[in-house]
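Novice: Here is my input; please provide its structure:
(chains A and B)
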Amino acid sequence: MLLIPCPNCGSRDETEFHYGGQAHVAYPENPAGLNDREWAEYLFYRDNTKGAFAERWLHSTGCRQWFNMLRDTVTYDIQAVYPMGTPRPATAKTNATDAGTASTAADSTTTGNAAPSTSSTSITASSTTAPEGATK
Amino acid sequence: MANTAAINRINGLRDIRRSPASHLAAALAAGSIQGTVVLKEGPFQTMAGVRVDPRSEEGARIAAVAGSLPARYGDVGGTDRVIILWLGPSEFLVVAPEEAHDSLGGDLIGSLVAALGDAPGQVVDLSANRTTFELSGPRARATLEKGCALDLHPRSFTVGTALSTEIGNIPVVLQKTGEESFRLLPRASFADFLGRWLLDAMREFASPEVP
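Specialist: Next comes the predicted model:
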């Protein structure tokens, strides 16, 4: 069970939340101009990142507010919680000490690249504390 | 305050109103253990859902009618008769005695609507949306802890606070009204389930404690 730090309500159980999928998927500038392939990619194609992944969450049985969360898909370490509409914070936090549990990481909205960066280079050697077998 | 004239004004409908867990009244009485843990359904309440920006001018007008709006999760605002529960940063639940309802001679809903005016937000009469369970006794906290993941220890969950959470896997607003008494506000459709769930959770306390 994840312990998710809701920005409004504090740490709550994962069962109080609903998952909203990948964050920072921008609506197309000109939807009518897309061909079927591009429209399908906007609707259905999502990253399957190994490592830090920006995703949307809804605290459905608490404050009923959406927020963004940066979560490591390998260790489940919650690296940042930040408001909707703000750019994704940098994934510089590479602490191996509290990996694997929910942490009330400071929501660093000060820095960050504006583009919905989904580069897989966010995994550094020191951040991968994946158990053996998870990498296979 | 609930004068008979006001009740007559709604054509006797008040007399046939049944609370969502009224069919459990006998079971709640039988399942309660006096001096250990007691569960009963509370009286009807007048409730209004309010969505307003608390920092705005209309938020101040709402606060002037119903009492101060709670600022953050856990806080309970209002006055001694009307309480305001925090549901979200701009969402509140105003809870008042039944006779505060406009159809029974009160003016709560109407005055809230008037206070909001044309400003962005909403005031909705939710009096039938939720029911209240009153759980009290030395083992009330132990009963709730079987299905609530929050820290309910008095050092963390203090008297006079309320939290919106899950109890027995259903959404509930949990208010701590005294050192050993809690008020639970489930939605009406969950009242039967929560009542039976609490009865089941209380049952072990009827038996002598096994050392």
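
Novice: how does chain B divide into domains?
Specialist: B:20-42+B:131-205, B:43-129 (automatic domain parsing).

Novice: For those domains, give me CSV that also has distance to chain A.
Specialist: The C-beta positions use only the backbone N, C-alpha and C, and glycine is treated the same way. Conversion of the domains of chain B to CSV gives the following (distance: least, CB to the nearest CB, whole Å):
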stretch, distance to chain A
domain B:20-42+B:131-205, 4
domain B:43-129, 4
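
Novice: would JSON lines of the ones you listed with distance to A:Asn30 and mean pLDDT be doable?
Specialist: Output for the domains of chain B, formatted as JSON lines (distance: least, CB to CB, whole Å; pLDDT from 0 to 100):
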{"stretch": "domain B:20-42+B:131-205", "distance to A:Asn30": "40", "mean pLDDT": "95"}
{"stretch": "domain B:43-129", "distance to A:Asn30": "31", "mean pLDDT": "94"}
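
Novice: Helices of chain A, start to end?
Specialist: A:36-44 (DSSP state H).

Novice: Low-confidence regions, it specifically.
Specialist: Within chain A, the ranges that satisfy pLDDT under 70 run A:92-136.

Novice: how about the residues of it that lie near chain B?
Specialist: A:8-10, A:12-13, A:15-16, A:61-65 (CB under 8 Å from any CB of the partner chain).

Novice: Tell me the buried residues within these.
Specialist: Among the residues of chain A next to chain B, those classed as buried by 16 or more other CB atoms under 10 Å in any protein chain shown are A:8-10, A:12-13, A:16, A:61-63, A:65.

Novice: Among those residues, which one lies nearest to B:Leu144?
Specialist: A:Asp13 (14.6 Å; CB to CB).

Novice: Run a quick neighbour tally on the nearest residue to the closest one once chain neighbours are set aside.
Specialist: With sequence-adjacent residues excluded and distances taken as CB to CB, 6 or more residues apart in numbering or on different chains, A:Asp13 is closest to B:Ala149, at 4.5 Å. Residues near B:Ala149, counting by other CB atoms under 10 Å in any protein chain shown, number 17.

Novice: cool, and B:Ile16?
Specialist: 6.

Novice: what about the residue positioned nearest the centre of chain B, is that helix, strand or coil?
Specialist: Of all residues in chain B, the one closest to the mean position by CA atoms, centre = their mean is B:Leu185, 4.1 Å from it. With DSSP: H, G, I helix; E, B strand; the rest coil as the basis, B:Leu185 sits in strand.

Novice: what are the bridge partners for it, then?
Specialist: Assessed by DSSP bridges, B:Leu185 has beta-bridge partners B:Val173.

Novice: can you pull the contacts of it?
Specialist: Listed by CB atoms under 8 Å, 6 or more residues apart in numbering or on different chains, the contact set of B:Leu185 reads B:85, B:93, B:95, B:130-133, B:172-175.

Novice: Tell me who's in contact with B:Thr165.
Specialist: Here B:Thr165 is in contact with A:12, A:16, A:61-62, B:148-150, B:171-174 (criterion: CB under 8 Å, 6+ apart).

Novice: Where do the helices of chain B begin and end?
Specialist: Going by DSSP H, chain B shows helices at B:4-9, B:25-31, B:57-66, B:108-116, B:140-145, B:191-202.

Novice: can you list the ones you listed in CSV and add mean neighbour count?
Specialist: Output for these, formatted as CSV (neighbours: other CB atoms under 10 Å in any protein chain shown):
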stretch, mean neighbour count
helix B:4-9, 12
helix B:25-31, 14
helix B:57-66, 18
helix B:108-116, 19
helix B:140-145, 20
helix B:191-202, 20
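
Novice: mind giving me a markdown table with these and columns for distance to B:Pro43?
Specialist: Output for the helices of chain B, formatted as a markdown table (distance: least, CB to CB, whole Å):
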| stretch | distance to B:Pro43 |
| --- | --- |
| helix B:4-9 | 14 |
| helix B:25-31 | 12 |
| helix B:57-66 | 19 |
| helix B:108-116 | 16 |
| helix B:140-145 | 19 |
| helix B:191-202 | 14 |
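
Novice: Of all those, which one is nearest B:Asp102?
Specialist: It is, among the helices of chain B and with distance given as CB to CB, helix B:108-116, at 5.1 Å.

Novice: what's the angle between the closest one and helix B:57-66?
Specialist: If you take axes from the mean of the first three to the mean of the last three CA atoms, to 10 degrees, helix B:108-116 sits at 150 degrees to helix B:57-66.
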